[in-house]
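> need a 3D model of the sequence below.
(2 chains)
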Amino acid sequence: MISRRSFCKKAMIAAGGIMIPLAALEVFNPQRLAAEKDGTGKVRWVFLVDIHKCVGCGFCVKACKTENEVPYEANVTRTWVERYVVTKTGKTHIDSPKGARDGFTSQKIDQAHHGLLEVKEEEIAKAFFVPKLCNQCENPACVQVCPVGATYQAADGVVLIDRSWCIGCGYCVMGCPYGVRFFHPVYHVAEKCNFCYHRLAKGMKSACVDACPFGARKIGNIRDPEDPVTKIITTEQVNVLKEEFGTKPQVFYIGLSREVK
Amino acid sequence: MKNHVWRPLFLVVAIVAGILFTRTLLVPSDFGVYERGYMYGWHRKSNEDDWKKIRVKYKTSSGCPECHKDKYDDIKASPHAIISCENCHGPAYDHPNDPQGLHIDRSRELCIRCHAYLPYKNNVRGNIPGIDPQNHYPQAQCIMCHYPHNPVKPNLKYKKTEVKP
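This is a model prediction of the structure:
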């Protein structure tokens, strides 16, 4: 017969044992902690967009869709270009027909189901084009919300998606503050820009960078002090999108205007 | 302790063991925590190589002059020098082996990406020579009159049309 005293004792040991998480038994590794904090690798890819140089030709979008096998006619794209037309009365009109795959060839603003809006030449105070793509954030919200570990950040900072592992729940699509994620029409899994990871691996630049005639898009390694992109980011006035979200985006913009959302 | 205590316990142990076993079967062996830690680096390592293996389609203009020196020389001395060949001729893949020829985009849509006039004076776009695609010879292809590899010149290939840009 078990005594009350020994029962209580054993029960408490058992309960205590269950409460120790497996992680607590792991040996503490300071190197990993350092890596989690700010990374130690030799490569960290970052992107630089010069809004002053972009003319909205859309060659970046065209090249991106072909290079990354995103169906050309589907209305989804990894990178896109937005047009901002600010009027003298302070109104801002934004459009991006087909993600600017065919460029901006008309003065009319595409307002989706509200039709086309004509803004008179003399009403325009300023206008500019803003290319957008995945920010490969240092704190990627999309990765945190993935319930299965299908999206992750590689050592060089690029956030990738494991197509064989993604269950298509869509949390990451909702979680991205920049709206860069969508569902791939063929694979039916989450999809987004990865700076053309296959090109970087071969020492090439992203397809959109090579396609841009005006040098508005550049890619570089922020850990290399000699990289021209690093030099610009560290010595010139650059900005990022939606800093207040705390995701630490790694796509830097020159000439960002306050109208840009 | 009595049998009726042990039996359900065995059952629970068996279920847990079963779950752990199927888990080792289903989860790839290289699934784990990598450089970016638990929060961001939990993944299947070999997926990084899957991405690296994707075929490169756009090969840049660097190889083209080897065989199309005439076109290269023309465009390099023109205001179109900044445009990559592949923007107008499509991705090179393994041209000239596969495909043997390359696409030639003769559409007006190609040119008006940059030349459709937009009245944005503060922007570079407003300073590229612009035309109104609706009124600038809408019935013809641009290259009937303008030589694409050097738009300062008329396109001699189509002699009938006389252009003095």
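
> number of residues surrounding A:Pro97?
21 (other C-beta atoms under 10 Å in any protein chain shown). No exception for glycine: its C-beta is placed from N, CA and C like everyone else's.

> find me the pLDDT at it, would you?
At A:Pro97, the pLDDT value in this model is 96.

> residues touching it, list them.
Taking C-beta atoms under 8 Å, 6 or more residues apart in numbering or on different chains, we find A:Pro97 in contact with A:Phe104, A:Asp110.

> next structured bit after the longest helix seen in chain B?
Secondary structure of chain B per DSSP state H: the longest helix is helix B:3-26. Next helix or strand after helix B:3-26 toward the C-terminus (DSSP states H and E): strand B:31-33.

> sorry, back to before: please see if the longest helix of chain B touches chain A.
No. Figure legend: helix B:3-26 not in contact with chain A (C-beta under 8 Å from any C-beta of the partner chain); closest approach 10.6 Å.

> would you mind listing the buried residues in that helix?
The neighbour-count check on helix B:3-26 (16 or more other C-beta atoms under 10 Å in any protein chain shown) flags nothing as buried.

> what is it packed up against?
On a contact count with 3 or more C-beta pairs under 8 Å, 6 or more residues apart in numbering or on different chains; DSSP states H and E, helix B:3-26 meets no helix or strand.

> so what does the most centrally placed residue in chain B have for phi and psi?
For chain B, B:Tyr58 is the residue whose C-alpha lies nearest the centre (C-alpha atoms, centre = their mean; 6.8 Å). With angles defined as degrees, to the nearest 10, B:Tyr58 sits at phi -80, psi 120.

> residues in contact with it?
Contacts of B:Tyr58 (C-beta under 8 Å, 6+ apart): A:Ala63, A:Thr66, A:Glu67, A:Ala207, A:Asp210, A:Ala211, B:Glu86, B:Pro91, B:Ala92.

> what kind of secondary structure is the second one in?
Secondary structure assignment for A:Thr66 (DSSP: H, G, I helix; E, B strand; the rest coil): helix.

> isn't it up against A:Tyr72?
Yes. Counting by C-beta atoms under 8 Å, A:Thr66 does reach A:Tyr72; the two are 7.0 Å apart.

> more neighbours: those two, which one.
Ranked by neighbour count (other C-beta under 10 Å), A:Thr66 and A:Tyr72 place A:Thr66 first, with 17 against 11.

> low-scoring stretches of the chain, by residue?
Defaulting to chain A. A:21-40 (pLDDT under 70).

> you answered for a different chain; I wanted chain B.
B:1, B:159-165.

> what about the strands in it?
Taking DSSP state E, the strands of chain B run over residues B:31-33, B:42-44.

> hang on, A:Gln144 packs against A:Gly175?
Yes. Between A:Gln144 and A:Gly175 there is a contact under C-beta under 8 Å: 7.4 Å.

> show me which residues of stretch B:33-44 are buried.
B:Val33, B:Tyr34, B:Glu35, B:Arg36, B:Gly37, B:Tyr40, B:Gly41, B:Trp42, B:His43, B:Arg44.

> wait, does it contact chain A?
Yes. On the criterion C-beta under 8 Å from any C-beta, stretch B:33-44 is in touch with chain A at B:Tyr34, B:Glu35, B:Arg36, B:Gly37, B:Tyr38, B:Met39, B:Tyr40, B:Gly41, B:Trp42, B:His43, B:Arg44.

> returning to that earlier point: among the buried residues of stretch B:33-44, which two are most distant?
B:Gly37 and B:Arg44 (16.0 Å; C-beta to C-beta).

> how does chain B divide into domains?
B:3-44, B:55-104, B:106-165 (automatic domain parsing).

> need those in a markdown table with distance to A:Gly246, can you?
Formatted as a markdown table, those follow (distance: least, C-beta to C-beta, whole Å):
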| stretch | distance to A:Gly246 |
| --- | --- |
| domain B:3-44 | 14 |
| domain B:55-104 | 35 |
| domain B:106-165 | 32 |
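
> and chain B, is the longest helix along chain A touching that?
Taking DSSP H as the criterion, chain A has its longest helix at helix A:4-19. No. Contact of helix A:4-19 with chain B is not found when judged by C-beta under 8 Å from any C-beta; the minimum separation is 10.5 Å.

> any idea how far that helix is from the middle of the chain?
50 Å (C-alpha atoms, centre = their mean, to the nearest Å).

> please apply the same query to stretch B:149-157.
On C-alpha atoms, centre = their mean, the centre of stretch B:149-157 falls 28 Å from the chain's centre.

> closest one of the contacts of B:Tyr58 to B:Val16?
Among these, A:Glu67 lies closest to B:Val16 (C-beta to C-beta), at 47.0 Å.

> now do the same contact list for that closest one.
By C-beta under 8 Å, 6+ apart, the neighbours of A:Glu67 are A:Cys196, A:Arg199, A:Ala207, B:Val56, B:Lys57, B:Tyr58, B:Pro91.
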